[in-house]
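*Asks:* This is the structure alone, sequence omitted:
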Ligand SMILES: Nc1ncnc2c1ncn2[C@@H]1O[C@H](COP(=O)(O)OP(=O)(O)O)[C@@H](O)[C@H]1O
Ligand SMILES: O=C(CO)[C@@H](O)[C@H](O)COP(=O)(O)O
């Protein structure tokens with residue numbers, strides 16, 4: 001029995017699953033937390049990956065591994081391979097002004113959508129590089145290579161595996177800079193790689209950053225990043241692309257993921273170019289495309305509401321189900337970290353419709369769940385497809401209240417696979433594909449239905465016009 005490992009290095013934590021390459025059976029798993037914040041020293045990701053791998057029983061008996069990671073994060077390396085500054089993450093909005101500058105300089109949103117499939121907002125790596133050039137010129141000048149979180153971890157892992165046993169991994173030197181690799185999926189979130197042509201747009205990077213640092217080689221879906229040792233390393237990919245693999249998303253499916261970010265995405269056969277900027281025209285991890293809408297505010301909205309109500313997440317869910325659909329008119333606009341879709345980087349959250357009757361923990365809990373889901377309902381609309389199935393995954397999909405309220409807000413039934421680590425599973429599937437033609441059985445799903453309550457979204461749409469920046 002060959003084993004494979006999948007890693008999900010996402011915003012809040014690192015998760016590792018070890019599965020049977022042929023059957024997909026889960027054999028072992030581990031996880032470790034990441035630090036808070038929107039800028040993070042990548043060494044914390046490496047330390048968390050090692051802790052999660054150790055908790056999962058190590059990689060000694062594993063034949064292939066793949067790393068999926070949070071998209072877009074800017075990891076700058078100097079000539080020696082050292083990290084130049086803390087990585088700026090996808091949810092760091094300081095480059096919103098740089099994004100607006102870049103859009104104007106190229107001639108508007110349509111020019112960007114046509115060039116790279118997406119209109120850059122603060123999340124995109126290219127805007128972070130412009131911010132660096134403007135605000136930290138010494139760090140920009142030291143930057144010899146730029147890569148993404150999954151690229152950096154893949155490269156560190158290659159160095160560790162080359163160093164030998166686990167005891168030698170912690171500080172194992174990484175390979176040379178020119179051994180950095182990425183994949184189509186993650187490259188498509190940089191803003192300087194085109195999913196339509198499959199090539200870097202060095203001209204756009206030069207215009208944004210003033211120079212063209214070394215960029216990772218973009219691997220094809222079934223290419224290995226590192227082979228030759230006892231453990232092969234697959235290309236890896238962005239976390240949403242891995243989730244699509246992990247749930248076995250196919251044509252007709254839309255996946256809604258409720259992690260730190262809220263995302264809605266579909267597998268497509270052709271590249272997309274949405275000049276409104278709502279839909280990012282990403283590539284996927286299979287050679288196809290992954291149009292995706294992303295909000296900055298999902299699972300953490302529930303964390304915040306639980307804090308405000310002074311209860312845990314389970315109790316928050318129970319409270320939410322005690323209040324009536326629509327929360328008696330109480331409406332939460334959950335722009336707690338600013339917002340990306342719509343592009344409101346400096347917005348804050350707001351609570352509307354308070355009355356004596358709705359001033360209860362139960363109404364607050366319901367309004368938090370409904371507000372989070374309204375952002376995703378807008379995302380589903382923006383995708384513009386009529387899905388045959390809406391699959392609900394991510395940390396907040398563990399909440400029974402979320403699963404039961406989602407169909408009322410979305411206006412369609414929602415299909416929920418069992419709670420699991422679908423990003424790590426997708427990475428493990430990619431690793432297995434280096435060894436065999438895996439045909440893992442899809443997990444059993446539960447379908448949640450509820451009568452649509454259109455007033456929830458109508459009130460939410462009115463409320464979003466009245467938030468403070
Ligand atoms: N039972 C639950 N109810 C609601 N939210 C939950 C539950 N379990 C986990 N979460 C939330 O899920 C989030 C983490 O989800 P995850 O998909 O792992 O995030 P990420 O991939 O962005 O790191 C946390 O904010 C956590 O509070
Ligand atoms: O920026 C995006 C997608 O464009 C985010 O979806 C990140 O990829 C982070 O994902 P999570 O940590 O929320 O899974």
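*Replies:* Thanks, I have it. If you're wondering where the values come from, they're calculated on a predicted model, not measured in any experiment. Residues are numbered from 1 along each chain as shown. Ligands and ions are numbered 1, 2, ... in the order given.

*Asks:* tell me which parts of the stretch 201-350 of the chain are close to ligand 1?
*Replies:* Residues of the stretch 201-350 of the chain found near ligand 1 (C-beta under 6 Å from any ligand atom) are 259-260, 299-300, 302-303, 313, 317. C-betas here are computed from N, CA, C, even on glycine.

*Asks:* redo that, cut-off 5 Å
*Replies:* Residues of the stretch 201-350 of the chain that fall close to ligand 1, judged by C-beta under 5 Å from any ligand atom: 259-260, 299, 302-303, 313.

*Asks:* I'd like to know the beta-bridge partner residues of the residue nearest to residue 157 when sequence neighbours are not counted.
*Replies:* Closest residue in space to residue 157, ignoring its immediate chain neighbours: residue 233 at 6.0 Å, by C-beta to C-beta, 6 or more residues apart in numbering. Going by DSSP bridges, residue 233 is paired in beta bridges with residue 65, residue 226.

*Asks:* Pretty sure residue 233 sits against residue 223.
*Replies:* No: if you go by C-beta atoms under 8 Å, residue 233 and residue 223 don't touch, sitting 10.6 Å apart.

*Asks:* Format the residues of the stretch 201-350 of the chain next to ligand 1 as CSV; extra columns: pLDDT, secondary structure and neighbour count.
*Replies:* Below are these laid out as CSV (pLDDT from 0 to 100; DSSP: H, G, I helix; E, B strand; the rest coil; neighbours: other C-beta atoms under 10 Å):
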residue, pLDDT, secondary structure, neighbour count
259, 98, coil, 24
260, 97, coil, 25
299, 98, helix, 24
302, 98, helix, 24
303, 98, helix, 17
313, 98, helix, 17
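
*Asks:* I'd like those residues as CSV, with distance to residue 115 appended.
*Replies:* Shown next, in CSV, are those (distance: C-beta to C-beta, whole Å):
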residue, distance to residue 115
259, 29
260, 28
299, 33
302, 37
303, 37
313, 42
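
*Asks:* So which of the residues you listed reach ligand 2?
*Replies:* 259-260.

*Asks:* Neighbours of the residue in the chain that ligand 1 sits nearest to, how many?
*Replies:* Closest residue of the chain to ligand 1, C-beta to the nearest ligand atom: residue 395 (2.0 Å). By other C-beta atoms under 10 Å, the residues close to residue 395 number 22.

*Asks:* residue ranges with poor pLDDT in this protein?
*Replies:* In the prediction, the chain carries no residues with pLDDT under 70.

*Asks:* hang on, the earlier thing: the residue of the chain closest to ligand 1 - nearest residue in space that isn't next to it in sequence?
*Replies:* That would be residue 299: by C-beta to C-beta, 6+ apart, it lies 4.7 Å from residue 395.

*Asks:* hang on, isn't the one you found packed against residue 393?
*Replies:* No: with contact defined as C-beta under 8 Å, residue 299 does not count as touching residue 393 (11.4 Å).

*Asks:* coming back round to it: got the contact list for the residue nearest to residue 395?
*Replies:* Taking C-beta atoms under 8 Å, 6 or more residues apart in numbering, we find residue 299 in contact with 258-260, 372, 394-396.

*Asks:* before we move on, back to that, between residue 233 and residue 223, who's got more neighbours?
*Replies:* Neighbour count, other C-beta under 10 Å: between residue 233 and residue 223, residue 233 has more, with 24 against 14.

*Asks:* From residue 76, how far out is the more buried one?
*Replies:* For residue 233, the distance to residue 76 (C-beta to C-beta, to the nearest Å) stands at 22 Å.

*Asks:* Just give me the neighbour total for residue 229.
*Replies:* For residue 229, using other C-beta under 10 Å, the count is 11.

*Asks:* where's the residue nearest to residue 395 relative to residue 396, distance?
*Replies:* To residue 396, residue 299 is 4 Å away according to C-beta to C-beta.

*Asks:* likewise residue 116?
*Replies:* 30 Å.
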